[in-house]
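Visitor: Need coordinates for the below:
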Amino acid sequence: MIIESSAPSRVDLAGGTIDIWPLYLFHPGAATVNFATSLRAHCQIKTRDDGRIVLESRDRKLAFETELAAVEDLAREERLELISKLVHFFKPTTGFHLVANSEVPAGAGMGGSSALAIACIGALNRLVGDRYPSGEFITIAANIETTVIRVPAGFQDYYPAQYGSASCVHFRTDAIEREGLEIDVAKLESRLAICYTGEPRLSGTNNWEIFKRHIDGDTTLFELFDGIRDSALRMRAALLADDWGAVSETMRAAYPNRKRLAPGVTTPQMEKLVEIALANGAEAAKVCGAGGGGCIAFLCSEGRKADVERALNAEPGVEVLDWKFSTEGLTIHQS
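Guide: Numbering: from 1, shown residues only. Below you'll find the predicted structure:
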């Protein structure tokens, strides 16, 4: 049997970090806005009859194998830790070879590990006979990824991975709810440039420092989080109204406040790239994920995306990503 699954990465336009439990509970109306991209995480499982488990990551060029009887040991395996812990959770009863691959650069800040978690959960769940309904995949992914990164995981990344398209994720006391957003996809694709800085992001470090300060009651941080919430709600309204002037204004206003969250949200390299982009036709910048490296999304003036990408490509180590909007979330195929 062969099972193939994939899930999209995402770009977050507004509202990041407020998606970490329990921080959103202190900011009524908390929300994040993001969309799924064509850059996907893939998982392939081929069953085998020799009682062996082989785990392989193509993009990380790492593989190892173990006995099916030793599946409990995968809870403590540090090689391919996320995949190992997912296999331990599902505890398959047949041997298999799992191959994972991600189309986004390592540490891009585009939710690549979350997309991989959703893709692997979809495939492993099919391998064990669809033990869990798909509505439980996000909770499983967040809980297991938390044990890997050893700090609280945010929830927003799993929604584009599972559902695709554009989303406003609302964080409420009784539930987390995804609202699908109907947006002008052609305009988004023609105006948004995404570049990888060449520096992997430090999301766990940044988020943990912010988390601790928030729990300690830092009043300045509370005000910044209220601003993050308000920015996400303004972004939602602007996209639904097809008001790209408001989209640009919201991104510009959010950027300096985002930098105030933690010293490591931007780096000298990121600041330089923002200056270059703004000088060549970009109107606003959004650090992807928790920052500290990774990717930056730039909203470009109409007709100026190529100019922005050309200027960024001229910088050593920088990679402009070739992406499209994705309406497709988690896919699972079995043969």
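
Visitor: May I see the buried residues of stretch 236-250?
Guide: Buried residues in stretch 236-250, counted by 16 or more other CB atoms under 10 Å: 236, 238-239, 244, 247-248, 250. Any C-beta I mention is one placed from the backbone N, CA and C, and that applies to glycine too.

Visitor: okay, now the domains of the chain?
Guide: Following automatic domain parsing, the chain resolves into domains at 2-180+326-334, 185-320.

Visitor: With mean pLDDT added, can I get these in CSV?
Guide: Output for the domains of the chain, formatted as CSV (pLDDT from 0 to 100):
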stretch, mean pLDDT
domain 2-180+326-334, 96
domain 185-320, 91
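
Visitor: what about the nearest residue to Tyr158 once chain neighbours are set aside, which helix or strand?
Guide: Using CB to CB, 6 or more residues apart in numbering and skipping the chain neighbours, the partner closest in space to Tyr158 is Ile138 (4.3 Å). Assessed by DSSP states H and E, Ile138 sits inside helix 137-149.

Visitor: need the next SSE after that helix, C-terminal direction.
Guide: With elements assigned by DSSP H and E, the helix or strand that comes after helix 137-149 is helix 158-163.

Visitor: Please compute how far that next one lies from its chain's middle.
Guide: Centre-to-centre, helix 158-163 and its host chain are 9 Å apart (CA atoms, centre = their mean, to the nearest Å).

Visitor: most centrally placed residue in this protein?
Guide: What sits nearest the mean C-alpha location of the chain, by CA atoms, centre = their mean, is Gly111, with 1.6 Å.

Visitor: how near is it to Arg150?
Guide: Distance, Gly111 to Arg150, by CB to CB, to the nearest Å: 18 Å.

Visitor: isn't the residue nearest to Tyr158 right up against Gln156?
Guide: No - in this structure Ile138 lies outside contact range of Gln156 using CB atoms under 8 Å: 10.2 Å.

Visitor: Which one's more surrounded, the two?
Guide: Gln156 (30 against 22; other CB atoms under 10 Å).

Visitor: Let me see the backbone angles for the more buried one.
Guide: Dihedral angles of Gln156 (phi, psi; degrees, to the nearest 10) stand at phi -60, psi -30.

Visitor: swap in Ser190?
Guide: phi -80, psi -10.

Visitor: Give me the nearest residue to it, chain neighbours excluded.
Guide: Nearest non-adjacent residue to Ser190 (CB to CB, 6+ apart): Lys305, at 6.3 Å.

Visitor: how many neighbours does that neighbour have?
Guide: Lys305, neighbours per other CB under 10 Å, totals 20.

Visitor: Also Ile194?
Guide: Under the neighbour criterion other CB under 10 Å, Ile194 is assigned a count of 23.

Visitor: Give me the nearest residue to it, chain neighbours excluded.
Guide: Leu321 (4.6 Å).

Visitor: which outside residues touch stretch 171-189?
Guide: 18-19, 24-25, 30-33, 35, 155, 159, 163, 165-170, 236, 239-240, 242, 244, 324-325 (CB atoms under 8 Å, 6 or more residues apart in numbering).

Visitor: And the residues you listed, which of them are buried?
Guide: Using 16+ other CB under 10 Å, the buried ones in these are 18-19, 24, 30-33, 35, 155, 159, 163, 165-170, 236, 239, 244, 325.

Visitor: In strands only, show me those.
Guide: 31-33, 35, 166-170 (DSSP state E).

Visitor: got those as TSV, with distance to Thr331 columns?
Guide: Converted to TSV, those look like this (distance: CB to CB, whole Å):
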residue	distance to Thr331
Ala31	27
Thr32	23
Val33	24
Phe35	17
Ala166	18
Ser167	17
Cys168	23
Val169	21
His170	25
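
Visitor: which pair in the residues you listed spans the largest distance?
Guide: Phe35 and His170 (15.9 Å; CB to CB).

Visitor: Now Ala193, what are its backbone angles?
Guide: Dihedral angles (degrees, to the nearest 10) for Ala193: phi -110, psi 140.

Visitor: Tell me, how many residues neighbour it?
Guide: Count around Ala193 with other CB under 10 Å applied: 26.

Visitor: ok now do the closest residue to Ser38 other than its chain neighbours, which residues does it touch?
Guide: Sequence neighbours aside, Lys324 is the residue nearest to Ser38 in space, at 4.1 Å (criterion: CB to CB, 6+ apart). Contacts were defined as CB under 8 Å, 6+ apart; by that measure Lys324 touches 37-38, 189.

Visitor: I'd like to know how far Lys324 sits from Ala311.
Guide: 22 Å.

Visitor: State the number of residues packed around Glu77.
Guide: Glu77 has 17 nearby residues by other CB under 10 Å.
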